[in-house]
Every structure is written in structure tokens, then in C-alpha cells.
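In: Quick one: sequence and predicted model below, then my questions.
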Amino acid sequence: HIDDADLNDPLPDPASDGGNLAQAQAQAEGSAAAAAASAAAKPSIGGVTADQAVVDQLLGMGFAENACIKGAIHGNNNIEEASNWIFSHIDDADLNDPLPDPASDGGNLAQAQAQAEGSAAAAAASAAAKPSIGGVTADQAVVDQLLGMGFTENACIKGAIHGNNNIEEASNWIFSHIDDTDLNDPLPNQASDGGALARAKAAEAAAAEEAARAAAEQQAQREAEAAAAAA
């Protein structure tokens, strides 16, 4: 090959080729991600999204964009069926209204569900943290009144509980136990009790399940309303 014009040219740099390959792969992955995000953002009915080419043809006929999108979806992206659907719904008051954004609805639903579950968990944790006797916890307003009489906080809590949060019964109970050596000792923390903790967890799970059920019902209602509006 002594006469080859490229005999003395350097060989391609493999590292450079690898870089180009990585760049091409990154571009392909980015395009795929963008396409997925674009598809997720498109409104749909029954899993069908509008073909932009069909929408463009319908726009060329003079219809509004939202009507074209609905027509394309209901016509299964067939231009003839799509235009027929629009003509048959031309007098609908909501024909030109936009379809709900599924990504937005999903985000709001997830947020509402998370908030509901968080509130339920916080309520359960708060209830679990309060000492109780026989399922009765002290009413803070009653405890405050008893504190105003000069009793210690733990005595007030016990008095409120044993007096069923009645200020007179609570104070009578404290007076009748004023010489008890453990009157001012704290009650066991409900959260440290295994049974109470289990009850708190069960309450939290039940609240979360109820929140999920309510969220699912709301989503089903939204989908039904969207389908009814588009029909």
C-alpha cells in the first residue's frame, strides 16, 4: 500500500468515536423522553389522543382547534369520521371547550391524596401521643381550668380523664386522691404502649384507605364528566 494516499493518515481515535456514540445515544434518549412527555401532556378520551395531521386537516376546514381535537379523537383519527363527528355536534355548547389535561388532573389527585394521608397520619400520631385511661383523653380546656386551681399538670390530666372532662367531677377526683403518692406522676404515653400504637397504625391505615377511595371516586367522576361533555 506504499502508494495509498491515506497510508500516513492517523487512524480514527476510538475515544472520539465513543464520545460521538454517547452523544448520539443521549440525543436519542432525550428525544424519547420529550416524546413521552409530549404524549402524556396531550388530552385523550379512552386512551385515544388526536393525530396532529388529522387536527391540521380539520383546522383547514375552519373548525376551532378544540373541536378538531375532539373530532380526531372520537373519529379514531380518521378524517372523514372526525369531520362527521364535528358536524353532528356543531350545536354543542361545549364543542370548543378544551378537554381536561390528564397530567394536571393526575398531579392534583396525587397531591390531594398525599395531603389527606398526611393529615390522617398526623391526626393518628397526635391521638397516639396523648395519655388516656379507658380510651378517654384529657380535654385541654378542663386541664387549663384545673391548673388555674393550683394543681400540677399531671394531676389535672388524671382528674380530667377520671372526671370524664367535667370540671366539677375532675376537681372532686383530685381532692379525693390528694394524698396518693403517684398523683403527680405522668401517665404512660399511649404511643409507647404496643396495643395503643397498633390501634394508631390501624386508624392511620384506615384513613389512608378512605382517602384513596375518595380520590378514586373523584377521578372516576372527572372521567365520566369529560366523557359526557365530549359525547
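Out: Arrived safely, thanks for sending.
In: Quick check: longest helix in the chain by residues?
Out: Counting residues, the longest helix found in the chain (DSSP state H) is helix 194-230.
In: And the helices in this structure?
Out: Counting by DSSP H, the helices of the chain are 14-41, 52-60, 65-74, 79-88, 102-129, 140-147, 153-162, 167-176, 194-230.
In: If you count contacts, what does the shortest one end up packed against?
Out: So the one you mean is helix 140-147. helix 153-162, helix 167-176 (3 or more CB pairs under 8 Å, 6 or more residues apart in numbering; DSSP states H and E). To be clear about C-beta, it is placed using only N, CA and C from the backbone, and glycine gets the same treatment.
In: What residues of that helix count as buried?
Out: Using 16 or more other CB atoms under 10 Å as the test for burial, helix 140-147 gives V142, V143, Q145, L146.
In: For the residues you listed, work out which two are farthest apart.
Out: The span of the buried residues of helix 140-147, defined through CB to CB, is set by V143 and Q145 at 7.4 Å.
In: re the thing from before, let me have the helices and strands packed on helix 140-147 in JSON lines, extended by mean neighbour count and mean pLDDT.
Out: Converted to JSON lines, the helices and strands packed on helix 140-147 look like this (neighbours: other CB atoms under 10 Å; pLDDT from 0 to 100):
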{"stretch": "helix 153-162", "mean neighbour count": "23", "mean pLDDT": "92"}
{"stretch": "helix 167-176", "mean neighbour count": "16", "mean pLDDT": "94"}
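In: Can you add distance to E223 and give the ones you listed back as TSV?
Out: Formatted as TSV, these follow (distance: least, CB to CB, whole Å):
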stretch	distance to E223
helix 153-162	49
helix 167-176	53
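In: G135 is nearest to which of these?
Out: helix 153-162 (9.8 Å).
In: Which elements pack onto the closest one?
Out: strand 132-133, helix 140-147, helix 167-176.
In: Now distance to A212 too, for those, in CSV please.
Out: Formatted as CSV, those follow (distance: least, CB to CB, whole Å):
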stretch, distance to A212
strand 132-133, 28
helix 140-147, 32
helix 167-176, 40
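In: Which one of the ones you listed lies nearest to D97?
Out: That would be helix 140-147 among the helices and strands packed on helix 153-162, by CB to CB, at 50.6 Å.
In: So for Q113, what pLDDT did the model give?
Out: pLDDT, Q113: 60.
In: So D185 sits against A155, correct?
Out: No: in this structure D185 lies outside contact range of A155 using CB atoms under 8 Å: 9.4 Å.
In: Could you tell me which residues touch both of those two?
Out: Common neighbours of D185 and A155 are not found (criterion: CB atoms under 8 Å, 6 or more residues apart in numbering).
In: Low-confidence stretches in this protein?
Out: 11-43, 101-130, 189-202, 230-231 (pLDDT under 70).
In: Give me the neighbour count for G148.
Out: Neighbourhood size, G148 [other CB atoms under 10 Å]: 9.
In: Next, it: phi, psi?
Out: phi -70, psi -20 (degrees, to the nearest 10).
In: quick revisit: of all the helices and strands packed on helix 140-147, which lies closest to R213?
Out: Per CB to CB, nearest to R213 of the helices and strands packed on helix 140-147: helix 153-162, 34.2 Å.
In: Give me the contact list for the closest one.
Out: Against helix 153-162 from outside (CB under 8 Å, 6+ apart): 131-133, 136-139, 142-143, 146-147, 151, 169-171, 173-174, 177, 183-187.
In: go again using 6 Å as the cut-off
Out: The contact list for helix 153-162, computed with CB atoms under 6 Å, 6 or more residues apart in numbering, reads 133, 136, 138-139, 142-143, 146-147, 170, 173-174, 183-184, 186.
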